[in-house]
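[1] Model the following, please.
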Amino acid sequence: MTIAEKSGTVNELWPLLRVTDIERSIAFYRDQLGFDVVGDAKSDGRIFWCRLKRDSASVMLQQAEAEDGPAEGRGRGVGFFFVCNDADAVYDELTGRGLKLKPPTTAYYGMRQVFVPEPDGYKICFESPCAKG
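    Numbers count the residues shown, from 1 in each chain. Below you'll find the predicted structure:
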């Protein structure tokens with residue numbers, strides 16, 4: 001019996017990213033990467049948390065506070081690989097939105113990848129399986 005059969009199916013993952021400037025990060029994910037804000041929480045009229053979604057992928061952003069520790073190195077070692085249908089099409093879309101990106105490359109394990117610099121240093125990659133031929 002699998003874990004899913006014992007305890008239910010896991011449907012989605014919504015990683016929470018602590019960010020130094022949530023307004024800047026929202027603009028990046030929304031305007032540059034094409035995500036939509038689908039939920040937020042405010043205090044004193046200012047957003048301190050939100051969830052953004054693109055297709056079936058979601059990320060949550062939270063304004064970092066002093067107790068979260070220093071911003072330096074916060075994203076080090078953390079990578080998000082968004083599996084898509086066509087990494088080259090995503091590259092065209094993102095560069096069309098003004099992002100300056102290196103062209104997609106093919107990883108040794110057969111995934112076509114485009115890496116996107118993220119404001120807080122998290123590693124972001126859109127990747128798709130290479131066409132078999």
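[2] Domain boundaries for the protein, per the record?
    The chain breaks down by automatic domain parsing into domains covering 13-65, 75-133.
[3] Going by mean pLDDT, which of these comes out lowest?
    Mean pLDDT is lowest for domain 75-133 among these, at a mean of 92.
[4] centre of the chain versus that domain, how much separation?
    Distance of domain 75-133 from the chain centroid (Cα atoms, centre = their mean, to the nearest Å) equals 11 Å.
[5] count of neighbours near the nearest residue to Ile22 once chain neighbours are set aside?
    Nearest non-adjacent residue to Ile22, counting by Cβ to Cβ, 6 or more residues apart in numbering: Gln63, 4.3 Å away. Bear in mind the C-beta positions are built from the backbone N, C-alpha and C, glycine included. Gln63: 18 surrounding residues under other Cβ atoms under 10 Å.
[6] and Val37, what does it touch?
    26, 30, 50-52 (Cβ atoms under 8 Å, 6 or more residues apart in numbering).
[7] any chance you could map the strands in this structure?
    Listed in chain order, the strands found in the chain under DSSP state E are 16-19, 36-43, 46-54, 57-63, 79-83, 105-106, 111-117, 123-129.
[8] Output those as CSV; include the columns distance to Glu72.
    Shown next, in CSV, are those (distance: least, Cβ to Cβ, whole Å):
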stretch, distance to Glu72
strand 16-19, 13
strand 36-43, 25
strand 46-54, 21
strand 57-63, 17
strand 79-83, 18
strand 105-106, 28
strand 111-117, 16
strand 123-129, 16
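[9] Tell me which of these sits nearest to Val90.
    Closest to Val90 of these is strand 123-129 (Cβ to Cβ; 4.4 Å).
[10] and the direction of the closest one versus that of strand 79-83, what angle?
    Regarding strand 123-129 and strand 79-83, their directions subtend 30 degrees when assessed with axes from the mean of the first three to the mean of the last three Cα atoms, to 10 degrees.
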